[in-house]
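S.K.: Sequence and computational prediction follow.
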Amino acid sequence: MKRRNLLGLLSVIPFAGPALSSTAEPADEWESDVCVIGAGLAGLTAAIAAKTAGAANVCVLEKESLLEGHSTISTGYFSAVRHMPGHDAEYRAAVDSMIADMEKTGKGLGNPELIRILAENSGAAYDWMTSLGVTWLPDPYEALGGLVPRSYLTSFVNGGYDYIFAVNRKLREMRIPLYFGAEVTRVTPTDAGYVVSGSRLKKKFIVHAKTVILATGGYTANVELRSKYDPRLTREITSTANPYGDGLDTATGDGILFGEALGAELLDMDKILTIPFSGGRLTNYVGADVYLDEQGHRFVNEQAPMETISQAVWKLPNHRFWVVTDAASAKGASRSVKLLRGIVKTADTLEDVAVGMRVNPKEFPQTMDRYNSYARAHRTRSLGERSSRRKSRSRRFITGLSGRLFISATAVSRSTPDPV
């Protein structure tokens, strides 16, 4: 057999040979040029790409009963370097800057070739999404941990939904069948390709596929797997897909396990990024939130890479911190839920905020005044040289205590020879 690669959570085994005719209806057993497992943003995009590249018969299998994936419920910050006509030098510099930032935030552990491919093609991805009907806010933002303003957004509320709906419309236009409730249990290599087997609507199914694309997402919902690589990530720590522990996170690591069974060597499985999400944070861009320890003191530069913020929070005694923002800043989709649950509260003055946080009501306003003075002067002094950009202008504030949540970084593997 040929060598196979598992790259991230999107594994592609190139299709070849004559295309098969499409099947109009799902059957207990059918054939497909390309079988995509997973109907998140990656899976739907991969199916469209395969069809566009010439595969006559493509199908998508999704174990849940609806469009899923963390992208669907994400804030949707889309990092891209756009190539404007007549600005070649600026474009090359921006691409190099994006590559440098990715290497910095990834601590040099990323694949340089793949990083360059991503950076150089990010603008084309933006244009492709635009061609599908996605409309963007006019200016890029600096996403939390993003280092510079290069992230585009459709809205502050439904970014991820906008992407998945646009791609799903394209999938339907291309008449690519998408089978919900189709849980794959096994992927078996054969001389002709692969056999994908599982159950759908309580009936077994078998797909004979020349190519299988694993787009099943990460492993945030697999406590055993994640704690194997990072013992801190016990059941008590929930994921960004299920922050309150009463919802559904479908990222159980299925594709990773399928890939491993097919001979892939897993890499960097311990590179799991933990981020503050569930508590007081209401924005996903830099410049509107102030992070304070439980005594009301700033403990980290809010513009730092996410890993730096994460490690600073892990060092706090209870792994918790306060987030303060003003009422004038644009909020994300979680604002209403957090207000209703009492996770965040409003206050009319900084003194009231201090009382709610149970910190010194005289010292806390001084901390905020110092923050605002740094923002006006475009510096953050003891917490780093980079500007906090925006001073608080509102006379009404929102505050809440943030806890620890996690999101898994992309797992990768090195291809290995198949067993004879």
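M.R.: Looks like it came in fine.
S.K.: so where's the stretch 101-250 of the chain shaky on pLDDT?
M.R.: 144-146 (pLDDT under 70).
S.K.: Now do the strands in it.
M.R.: Assigned by DSSP state E, counting those that start in this stretch, the strands in the stretch 101-250 of the chain fall at 151-152, 178-180, 182-190, 193-200, 203-215.
S.K.: wait, which of those strands is closest to residue 263?
M.R.: Distances from residue 263 to each of these were compared using CB to CB; the shortest belongs to strand 182-190, at 8.7 Å. In this view, the C-beta of every residue, glycine as well, is placed from N, C-alpha and C.
S.K.: Adding mean neighbour count and distance to residue 89, write the strands of the stretch 101-250 of the chain out as a markdown table.
M.R.: Converted to a markdown table, the strands of the stretch 101-250 of the chain look like this (neighbours: other CB atoms under 10 Å; distance: least, CB to CB, whole Å):
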| stretch | mean neighbour count | distance to residue 89 |
| --- | --- | --- |
| strand 151-152 | 22 | 22 |
| strand 178-180 | 18 | 43 |
| strand 182-190 | 17 | 47 |
| strand 193-200 | 19 | 46 |
| strand 203-215 | 21 | 36 |
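S.K.: Now those strands in CSV, please, with extra columns for distance to residue 119.
M.R.: As requested, these are arranged in CSV below (distance: least, CB to CB, whole Å):
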stretch, distance to residue 119
strand 151-152, 13
strand 178-180, 31
strand 182-190, 32
strand 193-200, 32
strand 203-215, 22
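S.K.: For residue 171, which of these is the nearest?
M.R.: strand 178-180 (6.5 Å).
S.K.: how far out from the middle of the chain is stretch 350-365?
M.R.: If you compare the mean C-alpha spot of stretch 350-365 with that of the full chain, they lie 35 Å apart, counting by CA atoms, centre = their mean, to the nearest Å.
S.K.: Equivalent analysis for stretch 126-137, please.
M.R.: 18 Å.
S.K.: on that earlier part again, of the strands of the stretch 101-250 of the chain, give the one that comes closest to residue 134.
M.R.: Proximity to residue 134 (CB to CB) singles out strand 151-152 among the strands of the stretch 101-250 of the chain, at 9.4 Å.
S.K.: so where do the helices sit in the protein?
M.R.: Across the chain, reading from the start of the chain, the helices by DSSP state H fall at 41-52, 88-105, 112-131, 159-173, 223-229, 254-261, 306-314, 335-341, 350-357, 363-377.
S.K.: CA-only coordinates of stretch 170-185 in PDB, if you can.
M.R.: What follows is stretch 170-185 as a C-alpha-only set of coordinates in PDB (Å, rounded to 0.1, in the frame of the first residue of the first chain):
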ATOM      1  CA  LYS A 170     -22.700  25.700  -1.800                       C
ATOM      2  CA  LEU A 171     -22.700  22.000  -0.900                       C
ATOM      3  CA  ARG A 172     -26.400  21.800  -1.700                       C
ATOM      4  CA  GLU A 173     -26.000  23.700  -4.900                       C
ATOM      5  CA  MET A 174     -23.500  21.100  -6.000                       C
ATOM      6  CA  ARG A 175     -25.900  18.300  -5.000                       C
ATOM      7  CA  ILE A 176     -23.300  16.600  -2.700                       C
ATOM      8  CA  PRO A 177     -25.200  14.200  -0.400                       C
ATOM      9  CA  LEU A 178     -24.900  14.800   3.300                       C
ATOM     10  CA  TYR A 179     -26.000  11.900   5.600                       C
ATOM     11  CA  PHE A 180     -26.900  12.900   9.100                       C
ATOM     12  CA  GLY A 181     -26.900  10.400  12.000                       C
ATOM     13  CA  ALA A 182     -24.200   8.300  10.200                       C
ATOM     14  CA  GLU A 183     -21.700   7.200  12.800                       C
ATOM     15  CA  VAL A 184     -18.600   5.700  11.400                       C
ATOM     16  CA  THR A 185     -17.100   2.900  13.500                       C
END
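S.K.: what about residue 322, neighbour count?
M.R.: Using other CB atoms under 10 Å, residue 322 has 24 neighbouring residues.
S.K.: Same check on the one 3 residues further on?
M.R.: Residues contacting residue 325 under the criterion other CB under 10 Å number 23.
S.K.: Okay, it and residue 221: tell me how far apart.
M.R.: Between residue 325 and residue 221 the distance is 30 Å, computed by CB to CB, to the nearest Å.
S.K.: domain assignment for the chain?
M.R.: 77-153, 277-403 (automatic domain parsing).
S.K.: Where among the ones you listed is average confidence lowest?
M.R.: The stretch with the lowest mean pLDDT among the domains of the chain is domain 277-403, at a mean of 72.
S.K.: Contact partners for the nearest residue in space to residue 242 that is not next to it in sequence?
M.R.: Of all residues beyond its chain neighbours, the one nearest residue 242 is residue 249 (4.1 Å), with distances taken as CB to CB, 6 or more residues apart in numbering. Under the criterion of CB atoms under 8 Å, 6 or more residues apart in numbering, the contact list for residue 249 reads 220, 221, 238, 239, 241, 242.
S.K.: For those residues, pick the one with the most neighbours.
M.R.: Among the contacts of residue 249, the one with the most neighbours (other CB under 10 Å) is residue 220, at 26 neighbours.
S.K.: Verify the stated contact: that residue with residue 235.
M.R.: No - using CB atoms under 8 Å, residue 220 makes no contact with residue 235, being 11.9 Å away.
S.K.: Next, the contact list for the residue nearest to residue 50 when sequence neighbours are not counted, please.
M.R.: The spatial neighbour of residue 50 that comes closest, neighbours along the chain excluded (CB to CB, 6+ apart), is residue 34 at 4.2 Å. Residues touching residue 34, when contacts are defined by CB under 8 Å, 6+ apart, comprise 15, 47, 50-51, 55, 57-59, 209-213.
S.K.: Report the separation between residue 34 and residue 223.
M.R.: The spacing between residue 34 and residue 223, counted by CB to CB, is 32 Å.
S.K.: cool, and residue 138?
M.R.: According to CB to CB, residue 138 and residue 223 sit 42 Å apart.
S.K.: So if I had to pick from the two, which one is more boxed in?
M.R.: Of the pair residue 138 and residue 223, residue 223 is the one with more neighbours under other CB under 10 Å, namely 15 against 5.
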